[in-house]
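Colleague: Here is a sequence with its predicted model. Questions after.
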Amino acid sequence: MAETLASLRSLMASHSPPLHALVVPSEDYHQSEYVSARDKRRAFVSGFTGSAGLAVITMEEARLWTDGRYFLQAAQELSDLWKLMRMGEDPPVDIWMADNLPKHATIGVDPWCVSVDTAQKWERVFSKKQQTLVQTLTNLVDEVWKSRPPPEINPVAVHPLEFSGRSVADKLKDLREKLVQEKARGILITTLDEVAWLYNIRGTDVAYSPVVHAFAVVTLTSAFLYVDGRKLSTEVDSYMKENGIEVRDYGAVTSDVDLLASDQLTPSSSTNFAKADVPKSMNNNSADRGIIDNNMGEAGGNSNDFIWVDPGTCCFALYSKLNVEKVLLQQSPLALPKALKNPIEMDGLKKAHIRDGAAVVQYLVWLDKQMQELYGASGYFLEAESINKKEMKSARLTEVSASDKLEQFRASKEHFRGLSFPTISSVGSNAAIIHYSPDAKSCAELDPNSIYLFDSGAQYLDGTTDITRTVHFGKPTPHEKACYTAVLKGHIALGNARFPSGTVGNTLDILARNPLWKYGLDYRHGTGHGIGSYLNVHEGPHQISFRPAARHVPLQVSMTVTDEPGYYEDGNFGIRLENVLIIKEADTKFNFGDKGYLAFEHITWAPYQTKLIDQSLLVHEEIEWLNGYHSKCSEILAPYFDEFELAWLKKATEPVCV
């Protein structure tokens, strides 16, 4: 670590101009949350392996910014060479650099790894101190990372219509209508899940996310995919041509964006663009909606002359090649359609969650039996201290071996393609680390007298899943029960919410926290995120959170969203409960303001451990909901089990007394 920092500082000093600071973001060229092994530059330089964070290296010190999910993990993983900066508590990274670096300082960053929004925000802050954001020509981390993994050549797969529910032709037609509406002649698409969704393709370039390292450009008359051609089979290549998509080399996006800027980007004569329908309204005078460009203000006229760029996801390197006077900086028009699941996707998600729930219950049955046999635990149902713990020299359960078994149960289910994120399998104090990632060499052994939290999910061809359950195989303390019950009450309150159309997730976040707030407790993460259809496990543009970003996009019918409140007591235990919900129209007696009202429908199926519930803290409506959910859970999952598993599920879903 010291050698890496010394090498980077040497490169910073010899850079032209010399750099006072180097920023190392977590993101790749596509601003991905989860990145491939060769793109984990921030983890390489800092040792912190969480998915979110940003490193800053100066000539004198090194600092790591991360959010509340990772405070404990970062504190454990960072060496003494690094100082942890807690987002929301310590100064933001740009403010800290502006205040702590000298006047006229130069701050370097790879422009491929930072978004337009972020880079422009930093530039505004730095300019007040006459400081400069410098776009490095190469990534300095890559120059010192001698063991950097090579790029993988993984095949691209077509995601068939039976799972995607909409053809590429339909998606391109809708996209081009939006381009015309906003007076744009083209769009640069950089996020991996949007490229995959638009062209109905999937891949394995990023672990846990079925995406392909690729860019896309769509104009009013053409469509391009920028990808390593070695990843495309003859069949996939034919598929692209049939859909009017010209395949070009991944690196060609740089020169093609130059051509796009000057309106000289044209397809080769060999490409079939028969399906590239030009919107009929292209030459019509559509109503001027007052397009606002972030740099130039209002744009008048009816000519389709803008290039659409999402400032939150497009890298600064490609944006810098465009004419800023002709750029429409606005959220991608693909973000919302991707989030609004079509009927085929919705049906697939529901089916995937049923199979996934069956795997989770099979895991709980197996785990209950193992904990009793190996550790003398009282088990899932009984409440007593562990007795007669068996001295087993070879058989033992660890956080990793247990989660491996869960993956085996999932792998036996139809359409399984892998996990949707690294399983969070955590016991005791490890469960207090919100995004804990167990390591086979150092993980903890399961303890029958401690809480066990597992947050996991899978990728199926027909849907992506994400579920969290918290259990105890011994005797939980009254405090643990009270905390679990408070989390459950918040989970129920949010899931039962009815709200007017137009409501944003920021408004609903309090429902999940209020039962905890009554005790002076809280949690440092958002309450809900969208989930993809055999795509990313975290999907926007909507969310349920206290963060300002949750104010931007209203919740709408056919969106998915998680419901996952929690409580984490450092050094002791952690609790989280998570289901995936879909948003539907609510059947309300009245319709005040003619707005229409919305509600949630649970599509995740696995029991809550009643042993951990302090039933005296539940009100009548909460008990009724719990009993109703458990009844459905038993009914829906029953066909997947053998006699022993079914008996276990029946007991786990027995009604609690009203």
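Modeller: Ah, there it is.
Colleague: Longest helix of the protein, counting residues only.
Modeller: Ranked by residue count and defined by DSSP state H, the top helix of the chain is helix 343-375.
Colleague: Show me which positions of that one end up buried.
Modeller: Of the residues in helix 343-375, 344-346, 348-368, 370-372, 374-375 count as buried by neighbour count, 16 or more other C-beta atoms under 10 Å. Heads up, the C-betas are built off the backbone N, CA and C, glycines and all.
Colleague: which residue sits closest to Asp356 in space, ignoring its chain neighbours?
Modeller: Spatial nearest neighbour of Asp356, excluding adjacent residues (C-beta to C-beta, 6 or more residues apart in numbering): Thr465 at 4.2 Å.
Colleague: Determine the number of other residues adjacent to that neighbour.
Modeller: Applying other C-beta atoms under 10 Å, we find 26 residues neighbouring Thr465.
Colleague: Spit out the contact partners of the most centrally placed residue in the chain.
Modeller: By C-alpha atoms, centre = their mean, the mean C-alpha position of the chain lies nearest to His538, the distance being 2.3 Å. Neighbouring residues of His538 by C-beta atoms under 8 Å, 6 or more residues apart in numbering: Glu33, His529, Gly530, Ile531.
Colleague: Who are the contact partners of the last one?
Modeller: By C-beta under 8 Å, 6+ apart, the residues touching Ile531 are Leu349, Thr464, Thr465, Asp466, Val537, His538, Glu539, Thr560, Val561, Thr562, Val580.
Colleague: rerun at 7 Å
Modeller: Ile531 makes contact with Thr464, Asp466, Val537, Glu539, Thr560, Thr562, Val580 under the criterion C-beta atoms under 7 Å, 6 or more residues apart in numbering.
Colleague: Quick check: phi and psi at it.
Modeller: When read as degrees, to the nearest 10, the backbone of Ile531 gives phi -140, psi 140.
Colleague: repeat for the first one
Modeller: Dihedral angles of Glu33 (phi, psi; degrees, to the nearest 10) stand at phi -70, psi -50.
Colleague: I'd say it and Ser51 touch.
Modeller: Yes. Counting by C-beta atoms under 7 Å, Glu33 does reach Ser51; the two are 5.8 Å apart.
Colleague: Now restrict the contacts of Ile531 to buried residues only.
Modeller: Neighbour-count burial (16+ other C-beta under 10 Å) is assigned, among the contacts of Ile531, to Thr464, Asp466, Val537, Glu539, Thr560, Thr562, Val580.
Colleague: just these now: which is nearest Phe306?
Modeller: Phe306 lies nearest to Glu539 out of the buried ones among the contacts of Ile531, by C-beta to C-beta, at 26.4 Å.
Colleague: Just grab the bridge partners of the closest one for me.
Modeller: Counting by DSSP bridges, Glu539 forms beta bridges with Gly530.
Colleague: now it: how far from Ile307?
Modeller: Distance from Glu539 to Ile307, counting by C-beta to C-beta, to the nearest Å: 25 Å.
Colleague: Next: Trp197.
Modeller: Taken as C-beta to C-beta, the span from Trp197 to Ile307 is 20 Å.
Colleague: same check, this time on Ala497
Modeller: Taken as C-beta to C-beta, the span from Ala497 to Ile307 is 40 Å.
Colleague: count of neighbours near Ala440?
Modeller: Neighbours of Ala440 under the rule other C-beta under 10 Å: 10.
Colleague: does the closest residue to it other than its chain neighbours count as helix, strand or coil?
Modeller: With C-beta to C-beta, 6+ apart as the criterion, Ala440 has its nearest non-adjacent residue at 4.5 Å, and that residue is Val400. Classification of Val400 by DSSP: H, G, I helix; E, B strand; the rest coil places it in helix.
Colleague: Quick check: Val400 touching Cys443?
Modeller: Yes. Val400 lies in contact with Cys443 (C-beta under 7 Å); the separation is 5.0 Å.
Colleague: Thought Ser456 was touching the residue nearest to Asp356, still the case?
Modeller: No. With contacts counted by C-beta under 7 Å, Thr465 stays clear of Ser456, the gap being 8.4 Å.
Colleague: picking up where we left off before, just the buried ones among the contacts of Ile531 now: which is nearest Gly312?
Modeller: Closest approach between the buried ones among the contacts of Ile531 and Gly312, by C-beta to C-beta: Glu539, at 13.9 Å.
Colleague: List the residues that contact that closest one.
Modeller: For Glu539, counting by C-beta under 7 Å, 6+ apart, the contacting residues are Ala339, His529, Gly530, Ile531, Gly532.
Colleague: that older thread, quick one: which of Trp197 and Ile307 has more around it?
Modeller: Set side by side, Trp197 and Ile307 show more neighbours around Trp197, with 28 against 24, by other C-beta under 10 Å.
Colleague: The more buried one: what's its closest spatial neighbour, skipping adjacent residues?
Modeller: Trp197 sits nearest to Lys338 (C-beta to C-beta, 6+ apart), 4.8 Å away.
Colleague: For the one you found, grab the count of nearby residues.
Modeller: 24.
Colleague: Check His479 too.
Modeller: 11.
Colleague: Okay, and it sits in which element?
Modeller: His479 belongs to helix 478-495 when assigned by DSSP states H and E.
Colleague: who does that helix touch, helix- and strand-wise?
Modeller: Applying 3 or more C-beta pairs under 7 Å, 6 or more residues apart in numbering; DSSP states H and E, one finds that helix 478-495 contacts helix 505-517, strand 560-563, strand 566-569, strand 573-576, helix 620-637.
Colleague: Gly502: what's it in contact with?
Modeller: By C-beta under 7 Å, 6+ apart, the contact set of Gly502 is Pro554, Lys595.
Colleague: again with Val656
Modeller: Thr610, Gln615, Ile623, Leu626, Asn627.
Colleague: Let me know the closest of these to His491.
Modeller: Leu626 (10.2 Å).
Colleague: Looking at the closest residue in space to the closest one that isn't next to it in sequence now. What's its pLDDT?
Modeller: Take Leu626 and drop its neighbours on the chain: the residue closest to it by C-beta to C-beta, 6+ apart is Val656, 6.4 Å away. Turning to Val656, the model gives it a pLDDT of 94.
Colleague: And Val656, how close does it get to Ser412?
Modeller: Note on Val656: its distance to Ser412, by C-beta to C-beta, is 31 Å.
Colleague: where's Ser442 relative to Gln76, distance?
Modeller: From Ser442 across to Gln76, the span is 10 Å (C-beta to C-beta).
Colleague: Neighbour count for those two, which is higher?
Modeller: Taking neighbours as other C-beta under 10 Å, Ser442 and Gln76 compare with Gln76 leading, 12 against 9.
Colleague: secondary structure class for the more buried one?
Modeller: Counting by three-state DSSP, the backbone at Gln76 sits in helix.
Colleague: Around the residue lying closest to it once chain neighbours are set aside, how many other residues sit close by?
Modeller: Excluding the flanking residues, the one nearest Gln76 by C-beta to C-beta, 6+ apart is Ile433, at 7.8 Å. Using other C-beta under 10 Å, Ile433 has 24 neighbouring residues.
Colleague: Please apply the same query to Glu235.
Modeller: Neighbours of Glu235 (other C-beta under 10 Å): 9.
Colleague: cool, and His491?
Modeller: Counted with other C-beta under 10 Å, the neighbours of His491 add up to 25.
Colleague: List the contacts of it.
Modeller: Ala512, Asp563, Pro565, Leu577 are the contacts of His491 under C-beta under 7 Å, 6+ apart.
Colleague: Buried members of these into PyMOL, please.
Modeller: Only the buried entries of the contacts of His491 go into this PyMOL selection, using 16+ other C-beta under 10 Å:
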select buried, resi 512+563+565+577
